[in-house]
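Participant: no sequence on this one, just coordinates:
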């Protein structure tokens, strides 16, 4: 499976409920995409699971991780997840 795949999984579900909408992917491919998405999300949640409030604020403010390196895009996304978990809002 291509990890760069667009994460639009059930794109044809809508007003037509799939009646006239083209279905270009098999159900197995759709489940594979969903599995990949959920695994990626689980890795994000795991990345900063032990980071406390002060550490999260410090890393977000500086855009530097706990090792003194700039946040990767993955780390930035994971830190947003952790920030939301701790504070209930998106970071500013």
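Facilitator: That came through, no problem. Model, not experiment: these values are computed from the prediction.

Participant: all contacts plus neighbour counts: C-alpha atoms, from now on.
Facilitator: Noted.

Participant: now do the phi/psi pair for residue 70.
Facilitator: phi -60, psi 140 (degrees, to the nearest 10).

Participant: 725 is where my numbering starts, stick with that
Facilitator: Happy to do that; since the first residue is 725 now, the last one works out to residue 794.

Participant: roughly how far apart are it and residue 768?
Facilitator: In this view, residue 794 and residue 768 are 17 Å apart by C-alpha to C-alpha, to the nearest Å.

Participant: so the two - more neighbours on which side?
Facilitator: residue 768 (20 against 14; other C-alpha atoms under 10 Å).

Participant: so what's the more buried one closest to, chain neighbours aside?
Facilitator: residue 802 (4.5 Å; C-alpha to C-alpha, 6 or more residues apart in numbering).

Participant: what of residue 805?
Facilitator: residue 769 is the one closest to residue 805 (C-alpha to C-alpha, 6+ apart), at 6.7 Å.

Participant: so that neighbour sits against residue 804, correct?
Facilitator: No: Residue 769 lies out of contact with residue 804 (C-alpha atoms under 8 Å); the separation is 9.7 Å.

Participant: ok, the residue nearest to residue 781 when sequence neighbours are not counted to residue 757 distance?
Facilitator: Once flanking residues are discounted, residue 781 sits nearest to residue 807: 7.9 Å by C-alpha to C-alpha, 6+ apart. According to C-alpha to C-alpha, residue 807 and residue 757 sit 26 Å apart.

Participant: also residue 763?
Facilitator: As judged by C-alpha to C-alpha, residue 763 and residue 757 stand 10 Å apart.

Participant: after whichever helix in the chain runs longest, which helix or strand is next?
Facilitator: Using DSSP state H, we find that the single longest helix of the chain is helix 751-771. As assigned by DSSP states H and E, the chain's next helix or strand after helix 751-771 is helix 777-786.

Participant: what sits up against the helix or strand that that next one is followed by?
Facilitator: Per DSSP H and E, the first helix or strand lying C-terminal to helix 777-786 is helix 797-811. The contact list for helix 797-811 (C-alpha atoms under 8 Å, 6 or more residues apart in numbering) reads 768-769, 771-773, 775, 777, 780-781, 784, 787, 789, 813-815.

Participant: no more questions from me, cheers.
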